[in-house]
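**Q** Mind folding the following:
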Amino acid sequence: MQIACATIWLRLKASVLPHPTRQQWLVIAQGFLERAQFPNCIGALNRKHIQVKKPPNSGSRFYNYKQFFSVHLLAMADTNYMFIIVDIGSYGSTADPRIFRASRISRWLQSNQLDVPQPANLPGSSGPPAPFVVVGDEGFVLCTHLMRPFPRRGLDEKRCTFNYQLSRARRFVKCAFGIFSSKWFFFRPSSFPLKMPMWSSKRV
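**A** Numbers count the residues shown, from 1 in each chain. This is a model prediction of the structure:
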């Protein structure tokens, strides 16, 4: 099963889930500007626990805080609820901030392997150019190409407005996961008992 999944991924990833070109990133950013009023955004990022059968000799590495065995699906979506890039295979026990830092998505962004457009001025702004970013929730760590909300305590009006706009941009990946789970009932953790074989735990 693991070999079959890996082979399918290696054969089809270039045609089914290719990395966007720079022009495609700009089209995605325009979608976030028009539909969420969030400029310079090239994707919304979230993660999901995919239930697996406990691999032999794995200890508690796959056991998550929701009390089942899983691997993480880390995915970036656009405003059409389409997954742009995915990273699969982190242990279910991995803390949220570490999931992104250890992912290929993070490495690709930091090393500019995704051909992300150069920083550009925000609409109506005469300030310095701002980088294009991916938006995530409080579980992610702020970095050059990842934007997260301000902590919820003691927010002034401007920061509340920013958090609201960022939340509007993030909803697209949350809806994408909802569509994904409703279409593929297999990926709902409560759908099957733990003793049944689940998704391959091997990173592909």
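**Q** rest of the way, CA atoms for contacts and neighbours
**A** Will do.
**Q** hmm, who's touching the strand ranked longest in the chain?
**A** The strand that spans the most residues within the chain, counting by DSSP state E, is strand 41-51. Identification of contacts with strand 41-51 by C-alpha atoms under 8 Å, 6 or more residues apart in numbering yields 25-26, 28-29, 32-33, 68-79, 84, 92, 132-137, 169-174, 177, 187-189, 194, 198-199.
**Q** What separation do you get for the closest residue to Pro128 other than its chain neighbours and Ala169?
**A** Among residues not flanking Pro128 along the chain, Asn121 sits closest, at 6.5 Å (C-alpha to C-alpha, 6 or more residues apart in numbering). Distance of Asn121 to Ala169, given as C-alpha to C-alpha, to the nearest Å: 19 Å.
**Q** Strands along this protein, start to end?
**A** Taking DSSP E, the strands of the chain run over residues 41-51, 70-77, 83-91, 133-135, 146-147.
**Q** what's the angle between the longest strand of the chain and strand 83-91?
**A** With axes from the mean of the first three to the mean of the last three C-alpha atoms, to 10 degrees applied, the angle from strand 41-51 to strand 83-91 works out at 40 degrees.
**Q** Tell me where the model's unsure across this structure.
**A** In the predicted model, the chain carries pLDDT under 70 at residues 1-2, 185-204.
**Q** Repeat the analysis, applying 90 as the threshold.
**A** Along the chain, segments meeting pLDDT under 90 span 1-20, 47-74, 86-115, 123-128, 138-145, 151-155, 177-204.
**Q** Only the buried residues of the top helix by length along it, if you could.
**A** Secondary structure of the chain per DSSP state H: the longest helix is helix 157-183. Within helix 157-183, the residues scored as buried using 16 or more other C-alpha atoms under 10 Å are 160, 163, 165-177, 180.
**Q** what angle do it and strand 70-77 make?
**A** Counting by the same axes, to 10 degrees, helix 157-183 lies at 120 degrees to strand 70-77.
**Q** Show me what helix 157-183 packs onto, helices and strands only.
**A** Counting contacts by 3 or more C-alpha pairs under 8 Å, 6 or more residues apart in numbering; DSSP states H and E, helix 157-183 is packed against helix 22-36, strand 41-51, strand 70-77, strand 133-135.
**Q** how far is that helix from where the chain is centred?
**A** Averaging C-alpha positions (C-alpha atoms, centre = their mean, to the nearest Å) puts helix 157-183 12 Å from its chain's average.
**Q** ditto for stretch 89-104
**A** Relative to the centre of its chain, stretch 89-104 is centred 11 Å away, using C-alpha atoms, centre = their mean.
**Q** Over to stretch 100-116?
**A** A distance of 12 Å separates the centroid of the chain from that of stretch 100-116, by C-alpha atoms, centre = their mean.
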